[in-house]
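Colleague: Here is the input, now give the coordinates:
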Amino acid sequence: MKLSEKLGLGTVQFGLSYGISNNSGKTSEKEVQKILNFAETNNINILDSASAYGNAEEVLGTCDLGRFKIVSKFLPASLGITVDAQLANSLRNLKTETLYGYLAHRPMNLLDYPNEWEELQALKATGKVKKVGFSLNDPGEIEKLLKNGFIPDLVQVPYNYFDRRFETVILKLKSKGCEIHTRSAFLQGLFFMNPHSLNNYFNSIKPNLIKLQNVDGLGGSLLNFVLKQPFIDKVIIGVENCHQLDQNMNELKYASSLPALDMEISDNILIPSRWPQR
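Modeller: Residues are numbered from 1 along each chain as shown. Next up, the predicted model:
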């Protein structure tokens, strides 16, 4: 398998204006069609979405999705909609009968409402979803979930040049037969930002960014760093347009080695939800 075939396509940009480096807003429906056609041509067969991604699922539903495996995510039923009803909404919006994966967007909620995990198992038994699991933000989450007997078929975790917090947990999950998807290879585009224009909040990593940005074909090199990890099954990347996806894949062919990471990166940098608003 070519490394590029381990890529999956994130779709949050199809429903929301997303990412620290996003200056063009939500991707148009016409551009979404172009991206999906390009993805199929290049053997990218996983689409990652969620009911929380604005109208991304509705936009995807206007396209031919039969050529892709689709992963979506649900919010806690305690917010007012059962897991079963959320799945029905997603399937209707996506115009499909089944999902490859269905993940808890806030998995720690399952500790308080274990019946939701039982509901997921029932949905898997009906064939409406093939694999169930979690979208995780912190390695400590999965330890608590496993301790309570929630063994996932599939997880999605952040992993990139800066963020390697999940390596030990990933290996543990792989030993249980779990499929591993990663996100944030570009850390929401932070790796490409001009360090001198960033908020002082990011001062600790500006020297690292300057060093990184001397690497030729940085996008491909950052992708290659994640794709070459044998414990990762799929690397989910988001793009705003087809040109970005084409550029990433071209740069992947000429990927360079990245400089050794000589410092521990703070969670305040690794977790985008903590970043100051622009």
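Colleague: Do a quick rundown of the strands in the stretch 101-250 of the chain.
Modeller: Assigned by DSSP state E, counting those that start in this stretch, the strands in the stretch 101-250 of the chain fall at 129-135, 154-158, 179-183, 234-238.
Colleague: would CSV of these with distance to Leu7, mean neighbour count and mean pLDDT be doable?
Modeller: Bear in mind the C-beta positions are built from the backbone N, C-alpha and C, glycine included. CSV is the format used below for the strands of the stretch 101-250 of the chain (distance: least, Cβ to Cβ, whole Å; neighbours: other Cβ atoms under 10 Å; pLDDT from 0 to 100):
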stretch, distance to Leu7, mean neighbour count, mean pLDDT
strand 129-135, 18, 22, 98
strand 154-158, 14, 24, 98
strand 179-183, 11, 23, 98
strand 234-238, 6, 24, 96
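Colleague: So for Ser4, which of those sits nearest?
Modeller: strand 234-238 (9.7 Å; Cβ to Cβ).
Colleague: Remind me what that closest one packs against, helices and strands.
Modeller: strand 7-10, strand 46-48, strand 179-183, helix 218-227 (3 or more Cβ pairs under 8 Å, 6 or more residues apart in numbering; DSSP states H and E).
Colleague: Reformat the ones you listed as a markdown table; add distance to Val157.
Modeller: Below are these laid out as a markdown table (distance: least, Cβ to Cβ, whole Å):
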| stretch | distance to Val157 |
| --- | --- |
| strand 7-10 | 13 |
| strand 46-48 | 12 |
| strand 179-183 | 6 |
| helix 218-227 | 11 |
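Colleague: and of the ones you listed, who's closest to Asn268?
Modeller: strand 179-183 (18.6 Å).
Colleague: what's Ile205 in contact with, if anything?
Modeller: By Cβ atoms under 8 Å, 6 or more residues apart in numbering, the contact set of Ile205 is 162, 265, 269.
Colleague: Am I right that the last one is in a strand?
Modeller: No: read with DSSP: H, G, I helix; E, B strand; the rest coil, Ile269 is helix and lies in no strand.
Colleague: Distance of it relative to Trp117?
Modeller: Remark: distance between Ile269 and Trp117 (Cβ to Cβ, to the nearest Å) = 32 Å.
Colleague: Tell me which of the two has more neighbours.
Modeller: Taking other Cβ atoms under 10 Å, Ile269 and Trp117 do not tie; Trp117 has more neighbours (21 against 18).
Colleague: tell me what the least confident helix or strand in the chain by mean pLDDT is packed against?
Modeller: Within the chain, no helix or strand scores below helix 242-252, which has a mean of 92 by mean pLDDT, DSSP states H and E. Contact partners of helix 242-252 among helices and strands, from 3+ Cβ pairs under 8 Å, 6+ apart: helix 29-41, helix 218-227.
Colleague: Buried deepest among these, which one?
Modeller: helix 218-227 (a mean of 22; mean count of other Cβ atoms under 10 Å).
Colleague: that older thread, out of the contacts of Ile205, flag the one nearest to Lys234.
Modeller: Phe162 (19.9 Å).
Colleague: where's that closest one relative to Asp267, distance?
Modeller: 11 Å.
Colleague: Which one's more surrounded, the two?
Modeller: Neighbours per residue, other Cβ under 10 Å: of Phe162 and Asp267, the larger number sits with Phe162, 23 against 12.
Colleague: excluding its backbone neighbours, what's nearest that one?
Modeller: Nearest non-adjacent residue to Phe162, counting by Cβ to Cβ, 6 or more residues apart in numbering: Ile265, 4.6 Å away.
Colleague: Now the phi/psi pair for that neighbour, please.
Modeller: phi -90, psi 130 (degrees, to the nearest 10).
Colleague: give me every residue that touches it.
Modeller: Applying Cβ under 8 Å, 6+ apart, the residues contacting Ile265 are 162-163, 204-205, 208.
Colleague: Let me have the residues you listed in CSV, extended by pLDDT and distance to Lys144.
Modeller: CSV is the format used below for these (pLDDT from 0 to 100; distance: Cβ to Cβ, whole Å):
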residue, pLDDT, distance to Lys144
Phe162, 97, 24
Asp163, 97, 20
Ser204, 96, 29
Ile205, 96, 29
Asn208, 95, 31
